[in-house]
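Enquirer: from the sequence below, what's the structure:
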Amino acid sequence: MCLITQNVKGSVSIIMKLNDKYDTDFSRAVFGPYELHKRKRLLTYCGESVRLEPLIYDLLEYFICHRDRVIGRDELCREIWQQEYVDNNAINRAVSELRRCVSKHKLGVDVIRTHYRKGYSFNLLVELDPRPNPFRWIAKWFHQAVPCKGQ
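Expert: Numbering: from 1, shown residues only. Next comes the predicted model:
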């Protein structure tokens, strides 16, 4: 299925969804001022590296790949920990650590949303493999204090 939308300013967006499969084939995901570099296993905030434990990185990448649905604890156990059973405290700690890493920059929204008795979902708009934003590079090049609020 291919969905073509046009916004108020006239620009056109094309969204492709094939057989409800999730898009895991990307090299860079941008959400707000954050960029996830999949090949480097790196998260950046306004170009600066954000330290993530390997497990927390895997959790973030999984949430981004499955961003349009609720992900249950059982699925996280299978896909992230690759075990049938994981202690609830371990899941709570990992989700809490991920929230801490991406919320310390005060985006004004919960990045990971909790769905009571169902699971979690990623709560930000994600753009996969976007074109580079030249204004970020210009600001960095000239060392100007330009607020980085996303695209």
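Enquirer: CA only for contacts and neighbour counts going forward, please
Expert: Fine.
Enquirer: hey, where'd the helices end up in the chain?
Expert: Per DSSP state H, the chain carries helices over the ranges 54-65, 73-76, 88-103, 134-141.
Enquirer: and those helices as TSV, adding mean pLDDT?
Expert: Supplementary listing: the helices of the chain in TSV, determined by pLDDT from 0 to 100:
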stretch	mean pLDDT
helix 54-65	95
helix 73-76	94
helix 88-103	93
helix 134-141	54
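Enquirer: most neighbours per residue, which of those?
Expert: Highest mean neighbour count among the helices of the chain (mean count of other Cα atoms under 10 Å): helix 54-65, with a mean of 19.
Enquirer: list the helices and strands that one packs on?
Expert: helix 88-103, strand 119-122 (3 or more Cα pairs under 8 Å, 6 or more residues apart in numbering; DSSP states H and E).
Enquirer: can the ones you listed go into TSV with extra columns for distance to residue 68?
Expert: What follows is the helices and strands packed on helix 54-65, written out as TSV (distance: least, Cα to Cα, whole Å):
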stretch	distance to residue 68
helix 88-103	17
strand 119-122	7
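Enquirer: of all those, which one is nearest residue 36?
Expert: Residue 36 lies closest, by Cα to Cα, to one member of the helices and strands packed on helix 54-65: helix 88-103, at 11.5 Å.
Enquirer: show residues contacting the closest one.
Expert: Helix 88-103 has contacts (Cα atoms under 8 Å, 6 or more residues apart in numbering) with 50-52, 55-56, 59-60, 73, 110-112.
Enquirer: can you give me the neighbour number for residue 124?
Expert: 17 (other Cα atoms under 10 Å).
Enquirer: tell me the contacts of it?
Expert: 31-32, 111.
Enquirer: closest one of these to residue 78?
Expert: Taking Cα to Cα as the measure, residue 111 is the one of the contacts of residue 124 closest to residue 78, at 22.2 Å.
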